[in-house]
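Trainee: model this:
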Amino acid sequence: MPPKKRSSRRGGKQSDDESLDESLEEETEQAMEVENASTEEDIEGNRPTEDLGKSVSDAKSPENPPVEDKIDNSEPDQENQEPTDPENTEDEPPAKKSKIAEEALKKIEAEKQRKEKEKQDAEEKSKIDRKKELDKFWKTVKDDPTDFTGWTHLLQFVDGKNDVEAGREAFAAFLKRYPYCYGYWKKFSDFEKRNGTPERVMEVFDQGTAAIPLSADLWIHYMNHCKTVRKEDAAFIRSQYERAMSECGREWRSDKLWDHYVKWEVEGKNYPEVYQLHQRIVRNPTQALSRNFETFKGFLKDHNPKDLMDTVDFLEVRKEVISAMKSDSPDEDGEEVKDTEAAPGEDTESDMKSAEETKNIREKIMSNEKKIYKETEKRVNLRLKYEEGIKRPYFHVKPLERGQLKNWNDYLEFMKVEMAKEGGDITEVEILYERSLIACALYEEFWMNYISWWESRDGDNTEKIRNIYRRACTNHLPTKVDVHAGWAAFEEIQGDFDAASKILENMETSHPELISLLLKRTNLERRRGNDEKVGELYEAAMKAASNKSTASDLAIKYARYLRLHQMNTVKASQVINTAMESDPANPKLYLQQVDLLLNTMPIDVQEVVAVLEKAMKQEIPEKQKFLFSQRKVEFLEDFGSDIAALQTARTKHIEATNAFKETVAKEKSNEPDKTNSVDDGKENKNGNSNGSAASYPPVTNSSSYTAQQTQAYNNYGSRYANYPQNY
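Mentor: From the prediction side, this is the model:
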């Protein structure tokens, strides 16, 4: 609604108010222009709410003056009011209107900040959600690094999100474990193309082609990239093609890579280079050899040999052709023969382009190339049977069929024999081994066979063998024990004890339950003379042992090391005594303690007897008590000085013998009837009953115990007879 008209008496006041209204409108518009200039884009995308827009519009519109003016205009009797102060009338409305404009701007700014905060919160929430989902994928593969499907899900997630750091971390971890998956090297390079730098893309390609150099598909992907980013640099592209051929050109299925190279040279009309490529292809025993030869013939038919060959080579071939034409020409055509006697290279251009001569040169070239082709074809046919037996030449985590493994082994053995013959190329065996490792990467025996083959070759192959060990242990077989043990032994032979120790230490982390690994590392430290480290390893192992039996076995080995290597019998005895406290029913500990005492000069007879008697008091099988009793009698007979003690020992041994016999009888009675019937038949045949009780003297050569007694004596008596007395 427009404002009501004021009376003529207030005409002056009305004109002043109108001027003030105009002034307020200008100030408000200036403020809004400043705000719009600074936040133009934000306001465009984030319009204030309807109420806020209405308030700003009301403040700017001359048809909607401030509320105070509306109140004044709505008073019923303007004429009866007291006159107001002119100064107050002039100052009040502009201040109130400026305040409204400021509030409107504040609301706009607040709304903009609210929208920005909502946007940031949404981004932060999305980031947190992605992190949670990513952690779930990582947890799967960390819990089970062999879960190939879990890895593929992780890579699909990071590839779709285009998160640079997360993507690089995931691809690097996957390709470290599965570097033969050429398809994922391609995905990694494409990921870097979208999110990384050109230098980073080339780094990924370099890593991929170094990890699986026999992948023609990966090399083709790399060459396509090179031709895209450096299409004008023909020298660089050709150098990269040559690099690809040196690494992959002799692979059985490399034909498509050669075709890729030839096609690029043809597109550049570099026909001499194409001709040379065809010559190289014919010399390679590949899957599509016959097709390649037919392509070569077609190419030569479409081009003049003079434009393809090196000048020297062409003139040499032409000379042979002219000589042949001369011998085939009739005698009456003397003039023509005379013309053909011109020196090569001195003929006119028209003579060199003669159809007959060109045709003969082509035929001569193809004749020479066909001889080479036939030789290559023989090499192809030799291995064709084995190549046709290969059903999965690429890497996969699924196990290979037994027939496939046998085919690879037979193929390798065949090639080693064939290439060892005169004229054979031993490099082809190496290429075949590398091919077999792609398909059989998870089979430890193929890696060990490859290493053995390199070790059997002449020359210094140290770095080559080390590289094979590193690839096997770091990438493909990180938890296989035998190949790691072989690597550690190899490094120790080379004198690198630190590397060997590190290899075994890493394997202990993967297999903490394998005592054999710990003993290998301990013995390595012993061989390098690090006695302090040997003691630390033994003591740490005994403390970390999973059960008492394992700890006792380690204690026995440690005691032997102390006595035989460090000549420290006292500490060795302490180690055994400590182990006895933890595992008092372990007979091996008592035997080791007796062994220590027998090798301590002079022999303490009472101490040896005390150990044997202590062993017989433990909760051990009757058989073990019988053996300890037998050993006690033998020891007193050989070393004792008190006949009464010997007689007492014999009496107790009879008791131990009877207890042992009763135990044996109970065990036989508890055996199945079939066994008892067989035993009964045997005993009846010998004229004895099943329940007969024969009397065994304490020390005899009875057939039942002679073997055990002899072994015990050999182990703990006679083998030390020749030791020096001061040992």
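Trainee: tell me the secondary structure for the closest residue to Cys181 other than its chain neighbours?
Mentor: In this structure, Cys181 finds its nearest non-sequential neighbour in Phe395, 6.1 Å apart by Cβ to Cβ, 6 or more residues apart in numbering. Where you see a C-beta, it was placed from the backbone N, CA and C, and this is true even at glycine. The assignment at Phe395 comes out as coil when based on DSSP: H, G, I helix; E, B strand; the rest coil.
Trainee: tell me the phi and psi of Phe395?
Mentor: Here is the backbone geometry of Phe395 (degrees, to the nearest 10): phi -80, psi 140.
Trainee: Ile438 is in contact with that one, correct?
Mentor: Yes - assessed by Cβ atoms under 8 Å, Phe395 is found in contact with Ile438 at 5.3 Å.
Trainee: Now do the shared contacts for the two.
Mentor: By the contact definition Cβ atoms under 8 Å, 6 or more residues apart in numbering, Phe395 and Ile438 are jointly contacted by Tyr180.
Trainee: follow-up on the earlier one: how far away is the residue nearest to Cys181 from Leu554?
Mentor: Separation of Phe395 from Leu554 (Cβ to Cβ, to the nearest Å) stands at 41 Å.
Trainee: just Glu444 next, same as before
Mentor: On the measure of Cβ to Cβ, Glu444 and Leu554 end up 28 Å apart.
Trainee: who's more crowded, those two?
Mentor: Leu554 (25 against 16; other Cβ atoms under 10 Å).
Trainee: Let me see the contact set for the residue positioned nearest the centre of the chain.
Mentor: Among the residues of the chain, the one closest to the centroid is Arg177, at 1.7 Å (Cα atoms, centre = their mean). By Cβ under 8 Å, 6+ apart, the contact set of Arg177 is 145, 151, 475-476, 478.
Trainee: Now render the residues you listed as a markdown table, adding secondary structure, neighbour count and pLDDT.
Mentor: Output for the contacts of Arg177, formatted as a markdown table (DSSP: H, G, I helix; E, B strand; the rest coil; neighbours: other Cβ atoms under 10 Å; pLDDT from 0 to 100):
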| residue | secondary structure | neighbour count | pLDDT |
| --- | --- | --- | --- |
| Pro145 | coil | 16 | 91 |
| Trp151 | helix | 24 | 95 |
| Asn475 | helix | 16 | 93 |
| His476 | helix | 22 | 94 |
| Pro478 | coil | 17 | 93 |
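Trainee: ok, of those, which one's closest to Asn467?
Mentor: Asn475 (11.4 Å; Cβ to Cβ).
Trainee: quick one, what contacts that closest one?
Mentor: 176-179.
Trainee: Are any of these buried, and if so which?
Mentor: The neighbour count (16 or more other Cβ atoms under 10 Å) marks 177-179 as buried among the contacts of Asn475.
Trainee: Return the subset of these lying in helices.
Mentor: Arg177 (DSSP state H).
Trainee: now the buried ones among the contacts of Asn475 as JSON lines including pLDDT and distance to Asp531?
Mentor: Below are these laid out as JSON lines (pLDDT from 0 to 100; distance: Cβ to Cβ, whole Å):
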{"residue": "Arg177", "pLDDT": "94", "distance to Asp531": "38"}
{"residue": "Tyr178", "pLDDT": "95", "distance to Asp531": "42"}
{"residue": "Pro179", "pLDDT": "96", "distance to Asp531": "41"}
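Trainee: Show me which of the buried ones among the contacts of Asn475 is closest to Val611.
Mentor: Once Cβ to Cβ is applied, the member of the buried ones among the contacts of Asn475 that ends up nearest Val611 is Arg177, at 53.1 Å.
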